[in-house]
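Asker: Generate coordinates for the sequence data below:
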Amino acid sequence: MPTENNPGFHEHDVGDHHGTDRQVAETRLWLQVLNVHRIIYADLNAALADRFGLSVPKFDVLSHLYRYPEGLSMGELSKKLKVSNGNVSGLIARLRKDGYLQKEMTRSDRRSFQARLTERGRTVFEEALDVHRDVVSRAMATASSVQIDGLTEGLKTLIRKDATPSEDGGSGRHR
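Answerer: Below you'll find the model as predicted:
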């Protein structure tokens with residue numbers, strides 16, 4: 001049966017047909033993480049696009065460059081965003097066209113480029129950050145700070161590479 005937050009999800013999709021109780025629980029958790037991501041991402045993307053003409057990926061680029069006022073090379077930005085150099089190049093070109101950043105050769109390697117926010121880019125990012133925080137806060141309004149902290153710590157535990165097997169037989173490791 002579809003749930004309120006995910007009309008396409010059916011309990012029998014992950015029922016106990018082929019898996020242990022833990023595997024079923026893991027799958028349900030994974031689907032819920034995806035569902036939360038889908039809902040918040042869509043709301044965030046719409047709000048940023050409506051107010052600033054920004055997508056979430058463009059916002060992410062501005063966010064990283066805001067943290068590094070001296071700028072970042074395309075390779076560094078690609079690593080931080082966990083995307084290909086080609087994706088970064090496209091985002092940089094569009095943000096540059098919008099006047100939000102400048103791209104220049106690095107001093108140490110004239111074959112490499114570095115991106116840095118312009119004053120306009122810094123201002124737009126600061127305004128967009130307020131919208132970002134508002135959208136996320138509204139999405140999480142029904143959870144207490146204690147619940148949010150607990151969920152955050154629980155999710156961090158799931159992705160720790162040095163995790164040991166859990167007591168109930170789960171792998172407890174990151175693949």
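Asker: Work out for me the element the closest residue to residue 129 other than its chain neighbours sits within.
Answerer: Leaving aside its chain neighbours, residue 129 sits nearest to residue 63 (7.6 Å; criterion: C-beta to C-beta, 6 or more residues apart in numbering). Where you see a C-beta, it was placed from the backbone N, CA and C, and this is true even at glycine. Element membership for residue 63, per DSSP states H and E: helix 56-67.
Asker: could you pull out the helices for this structure?
Answerer: Per DSSP state H, the chain has helices spanning 21-52, 56-67, 74-81, 85-97, 119-139, 145-159. These are given in chain order.
Asker: From the contact counts, what lies against the third one?
Answerer: For helix 74-81, the contact count by 3 or more C-beta pairs under 8 Å, 6 or more residues apart in numbering; DSSP states H and E identifies helix 56-67, helix 85-97, strand 113-117 as packing neighbours.
Asker: what does the fifth one give?
Answerer: For helix 119-139, the packing partners by 3+ C-beta pairs under 8 Å, 6+ apart come out as helix 21-52, helix 56-67.
Asker: and these, which is most packed in?
Answerer: Greatest average neighbour count among the helices and strands packed on helix 119-139 goes to helix 56-67 (a mean of 19), per mean count of other C-beta atoms under 10 Å.
Asker: how far off helix 74-81 does that one point, in degrees?
Answerer: Interaxial angle, helix 56-67 versus helix 74-81 (axes from the mean of the first three to the mean of the last three C-alpha atoms, to 10 degrees): 110 degrees.
Asker: What lies in contact with helix 56-67?
Answerer: Here helix 56-67 makes contact (C-beta atoms under 8 Å, 6 or more residues apart in numbering) with 41, 44-45, 48, 54, 71-72, 77, 80-81, 83, 87-88, 91-92, 94-95, 100-101, 115-117, 121-122, 124-126, 128-129, 132.
Asker: Stretch 83-92 now?
Answerer: Contacts to stretch 83-92, defined as C-beta under 8 Å, 6+ apart, come from residues 57-58, 61, 74-75, 77-78, 81, 101, 103, 115.
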